[in-house]
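In: pasting the structure only:
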């Protein structure tokens, strides 16, 4: 009896100690694990990763524009102080920031902005290698228009003597092109820019109205003097006006601009697959996309200039549905999503090309890969509250049988050219599965898995410049071969 009483007292004491530890853990709040900043022309993302969910409130003020974010339940830590040094001069939206302990258990971050923004602040549950994340997405009040971005890129390239009207090299095995007159001296996309330039722009938005004092109530004393107001951006270069009497000719030439949307997979918070030596898929596929863009921009199809459009041209995350929307916004003739495969064992190897399937995957491996790629939004981080409606619309299975058939033809042409450079193929035919990023109802779309980055030999190949160059050449020849057999339809591109 005495022994049982002693055991009971020991158990009670142990329970009290456990309870006290639990209270201590709750009292200390969340621990900040990492902070990251992803600047891009589309938007700038700031992520704060912690071991518990963070609660926050935010307030936007103007003159000069600022964003104050209060994070509750934490103390100022060295990790949060690191945010100050992570803001780079080239960030399109953030001029700098200040961070301080605004109140007990409340840290305030004040972003000094370069322009007015529409912030989206949301939380992400743990997924993949990440714990809890508080995400701050800073979008411009005027969203970046993909077509305008394409035009701006063409304007930047013009002084370098871009030759988008140059004829491409002959494609092995393709039928000879019929004799045709020399292409017009005027660049069709240049005429398109001229049309845009002579249109009156939208009226400037009224300046933001700030009620009360300029600084929101409770803002901490700035850790440094506020930066000077950012000078207005210089006016964009204006293309020369369209010559009188050339309206019809200009429109007919503009119809034949051929746009290929290149979609480097993953990006930003989503690294994609990681090879045994640390090579990140998101970096490799962006490099390949840049090389392929150079080839497309220097090529033509039957005298019609080609232009590449990248769904992302830097290291930032783009949701799957937005990738499809961007391609449709520029009225792309083709959509090519570029990836680097991975598997649970290093033995898997070889390149693959995939098209969409309306009736299930062509193999269990294709189904597994599609499910993995479709999870990119969870890893990269989508604000479900704001994106859910548009993503659901974009991911509706609206693709037609004709679009899928065209995608299979494009994939077959690319697969043959990849084999031609001596690369190993994982499968000898185009596979099909329900890839969300291929669900553009009016654009032939393929997903290219360049190699298995999880295979040490193929990872080493993907890092080599010559291998990337050969791969870009093969993909370009595949595009040209497809167009040789399936000429692009004339279409009027309206801005």
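Out: Here it is on my side, so go on. Given the structure is predicted, the values throughout are model-derived calculations rather than measurements. Residues are numbered from 1 along each chain as shown.
In: could you point out where the protein is predicted with low confidence?
Out: By pLDDT under 70, the low-scoring segments of the chain are 1-28, 154, 157-256, 360, 362-363, 385-399, 490-495.
In: quick one: the helices in it?
Out: With DSSP state H, the ranges of helices along the chain come out as 2-28, 78-86, 146-157, 188-198, 247-254, 281-297, 320-329, 364-374, 376-380, 384-394, 401-420, 456-463, 465-485.
In: residues making contact with the shortest one?
Out: The reference is to helix 376-380. For helix 376-380, contacts defined as CB atoms under 8 Å, 6 or more residues apart in numbering pick out 127-128, 130, 265-270, 272, 317-320, 391. Bear in mind the C-beta positions are built from the backbone N, C-alpha and C, glycine included.
In: one more: the last one?
Out: Under the contact criterion CB under 8 Å, 6+ apart, helix 465-485 has outside partners 168, 171-175, 177, 258, 260, 284, 287-288, 291-292, 294-296, 299, 301-302, 334, 336, 409-410, 413-418, 420-421, 423, 444, 448, 450, 461-462.
In: buried residues in that helix?
Out: Under the neighbour-count criterion of 16 or more other CB atoms under 10 Å, helix 465-485 has 467-468, 470-484 buried.
In: again with the shortest one
Out: Buried positions in helix 376-380, judged by neighbour count with 16+ other CB under 10 Å: 376, 377, 379, 380.
In: surely residue 335 is in contact with residue 308?
Out: No - applying CB atoms under 8 Å, one finds residue 335 not in contact with residue 308, separated by 11.4 Å.
In: picking that back up, of the contacts of helix 376-380, just the buried ones, ChimeraX syntax please.
Out: To isolate in ChimeraX the members of the contacts of helix 376-380 that are buried, counting by 16+ other CB under 10 Å, one can use:
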select :130,265,266,267,268,269,270,272,317,318,319,320,391
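In: with the contacts of helix 376-380 in mind, which one is nearest to residue 42?
Out: Closest to residue 42 out of the contacts of helix 376-380 is residue 318 (7.4 Å), distances taken as CB to CB.
In: quick check: that closest one touching residue 324?
Out: No - if you go by CB under 8 Å, residue 318 and residue 324 don't touch, sitting 10.1 Å apart.
In: hey, what's residue 264 bridged with?
Out: residue 338 (DSSP bridges).
In: ok, it - contacts?
Out: Taking CB under 8 Å, 6+ apart, we find residue 264 in contact with 282, 285, 286, 288, 289, 310, 311, 312, 338.
In: in JSON lines, list the residues you listed along with distance to residue 370 and neighbour count.
Out: Formatted as JSON lines, the contacts of residue 264 follow (distance: CB to CB, whole Å; neighbours: other CB atoms under 10 Å):
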{"residue": "282", "distance to residue 370": "19", "neighbour count": "24"}
{"residue": "285", "distance to residue 370": "17", "neighbour count": "27"}
{"residue": "286", "distance to residue 370": "22", "neighbour count": "22"}
{"residue": "288", "distance to residue 370": "21", "neighbour count": "23"}
{"residue": "289", "distance to residue 370": "21", "neighbour count": "23"}
{"residue": "310", "distance to residue 370": "23", "neighbour count": "22"}
{"residue": "311", "distance to residue 370": "18", "neighbour count": "25"}
{"residue": "312", "distance to residue 370": "20", "neighbour count": "25"}
{"residue": "338", "distance to residue 370": "16", "neighbour count": "24"}
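In: can I get those residues in CSV with distance to residue 32?
Out: CSV is the format used below for these (distance: CB to CB, whole Å):
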residue, distance to residue 32
282, 24
285, 31
286, 29
288, 35
289, 34
310, 33
311, 32
312, 28
338, 34
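In: sorry, back to before: which one of the buried residues of helix 376-380 sits closest to residue 33?
Out: residue 379 (16.3 Å).
In: from residue 278, how far out is the nearest residue to that closest one once chain neighbours are set aside?
Out: Excluding the flanking residues, the one nearest residue 379 by CB to CB, 6 or more residues apart in numbering is residue 270, at 4.4 Å. To residue 278, residue 270 is 16 Å away according to CB to CB, to the nearest Å.
In: can you give me every residue that contacts the spatially closest residue to residue 57 that is not a sequence neighbour?
Out: Closest residue in space to residue 57, ignoring its immediate chain neighbours: residue 70 at 4.9 Å, by CB to CB, 6+ apart. Contacts for residue 70 (CB under 8 Å, 6+ apart) come out as 56, 57, 58, 102, 106, 107, 108.
In: among these, name the ones in strands.
Out: Cross-referencing the contacts of residue 70 against strands under DSSP state E gives 56, 57, 58, 102, 106, 107, 108.
In: the first one: what's it in contact with?
Out: This means residue 56. By CB under 8 Å, 6+ apart, the residues touching residue 56 are 69, 70, 71, 72, 121, 134.
In: I figured residue 52 hits residue 29, correct?
Out: Yes - applying CB under 8 Å as the test, residue 52 and residue 29 come out as touching, 7.5 Å apart.
In: how many neighbouring residues does residue 371 have?
Out: Residue 371 sits with 13 neighbouring residues when counted by other CB atoms under 10 Å.
In: sorry, wrong one. I was asking about residue 429.
Out: 13.
In: check contacts around it.
Out: With contact set as CB under 8 Å, 6+ apart, residue 429 has these partners: 412, 415.
In: let's see 10 Å
Out: By CB atoms under 10 Å, 6 or more residues apart in numbering, the residues touching residue 429 are 352, 353, 362, 408, 411, 412, 415.
In: who wins for neighbours among those?
Out: Using other CB under 10 Å as the neighbour test, the contacts of residue 429 are led by residue 353, with 28 neighbours.
In: re earlier: CSV for the contacts of residue 429, including distance to residue 94?
Out: Converted to CSV, these look like this (distance: CB to CB, whole Å):
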residue, distance to residue 94
352, 40
353, 40
362, 46
408, 45
411, 41
412, 46
415, 43
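In: which of those residues sits closest to residue 114?
Out: Closest to residue 114, out of all of those and judged by CB to CB, is residue 353, at 41.6 Å.
In: just checking, that closest one touches residue 408?
Out: Yes - under the criterion of CB atoms under 10 Å, residue 353 makes contact with residue 408 at 9.4 Å.
In: overlap in contacts of the two?
Out: The contact lists of residue 353 and residue 408 share 429, 430, 431, 446, where a contact means CB under 10 Å, 6+ apart.
In: look at the second one and say how many residues are nearby.
Out: Residues within reach of residue 430, counting by other CB under 10 Å, total 20.
In: which of the contacts of residue 56 tops the neighbour count?
Out: residue 71 leads the contacts of residue 56 on contacts (other CB under 10 Å) with 25 neighbours.
In: any idea which of the ones in strands among the contacts of residue 70 is closest to residue 456?
Out: Nearest to residue 456 among those: residue 56, at 42.6 Å, using CB to CB.
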